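A.B. asks: Quick one: sequence plus predicted model below, questions after.
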Amino acid sequence: MDRLAQELRCSKRALYELAPNRKELFALVVDRWTRRIRALGAAAVAQHGNPRARLKAYLEPGIRETMGIADAFLIDLRELPSARAILEAHQRERMATLRLILDDGVRDGVFRHVHAHLVAGICLAGLEKINEPDFLRQAAVSFSAAFAELYRLLIDGLGR
C-alpha cells in the first residue's frame, strides 16, 4: 500500500478509505473496471439497430479496455477469489447480452443460423483460456489482442 500510495501520489489513508487492505482494493478496481466495460458495451449497443453493428460495438470495449493489462494483473485475478468471482460474473453477464444479440441477428437473417446459447458458452470458454497468462505467453499475444482475435473469429463465423 505504501508503494501504491506513492505511485498514485495520495495518502495511504485515502487508499484505506476505499478498502481495508490490498486484496480488497484490487477487487474494487476489478469491479469498477468490469462495470465500465459493461456500461460502455450497453451504451454502444443502444446506438445501433443492426445486429452485426450491435455485436461489433458491444465487443469493442472488451478489447479497448483490456489494452495494457499486465501478466501480474491476470495472475492476481486468478489467485484472488473475490476478484475472480467478479470477473466470472462479469463474463457471464457479457455472454448473456451476447446471446440476445446473436438471437436477434439470427432472427433478422443477419447472422447464419447458430445456437446462441452454445456459441456464447464457447465464447465464454475462450475467455477463460484468454485469462491464463501462460497461454497468452505461449501464443505470444497480449490480453487485448487475444480478445480481438476471439471476437474476430466470432464475427466472421456468423457471416452470411
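C.D. replies: Received, thanks. Since we're looking at a predicted model, the values are computed, not measured.

A.B. asks: check contacts around R52.
C.D. replies: Listed by CB atoms under 8 Å, 6 or more residues apart in numbering, the contact set of R52 reads 105, 110-111, 155, 158. From N, CA and C alone the C-beta is placed, and that goes for glycine too.

A.B. asks: Now the residue nearest to R36 when sequence neighbours are not counted, what are its backbone angles?
C.D. replies: Take R36 and drop its neighbours on the chain: the residue closest to it by CB to CB, 6 or more residues apart in numbering is E65, 6.4 Å away. Main-chain dihedrals, E65, degrees, to the nearest 10: phi -80, psi 0.

A.B. asks: Could you give the number of residues near E65?
C.D. replies: Number of residues near E65 (other CB atoms under 10 Å) recorded here: 17.

A.B. asks: ok, it to E128 distance?
C.D. replies: 18 Å (CB to CB, to the nearest Å).

A.B. asks: What ranges does this structure have for its helices?
C.D. replies: Counting by DSSP state H, the chain forms helices over residues 2-8, 12-18, 22-46, 51-64, 71-79, 81-107, 116-130, 133-139, 143-158, given from the N-terminal end onward.

A.B. asks: Using CSV, write down the CA coordinates of the second one.
C.D. replies: Okay, so that is helix 12-18. The C-alpha trace of helix 12-18 is given here as CSV (Å, rounded to 0.1, in the frame of the first residue of the first chain):
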residue,chain,number,x,y,z
LYS,A,12,-2.3,5.5,2.4
ARG,A,13,-5.3,6.8,4.4
ALA,A,14,-7.0,7.6,1.2
LEU,A,15,-6.5,4.1,0.0
TYR,A,16,-7.7,2.6,3.2
GLU,A,17,-10.8,4.7,2.9
LEU,A,18,-11.6,2.8,-0.3
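
A.B. asks: So which other helices or strands are in contact with it?
C.D. replies: When contacts are defined as 3 or more CB pairs under 8 Å, 6 or more residues apart in numbering; DSSP states H and E, helix 12-18 sits against helix 2-8, helix 22-46.

A.B. asks: Do me a favour and average the pLDDT over the shortest one.
C.D. replies: This points to helix 2-8. In this model, helix 2-8 has a mean pLDDT of 75.

A.B. asks: quick one: I101 and L55 touch, right?
C.D. replies: Yes: shown here, I101 and L55 form a contact pair, counting by CB atoms under 8 Å, at 5.1 Å.

A.B. asks: Next up, the contacts around E128.
C.D. replies: Taking CB under 8 Å, 6+ apart as the contact definition, E128 lies against Q91.
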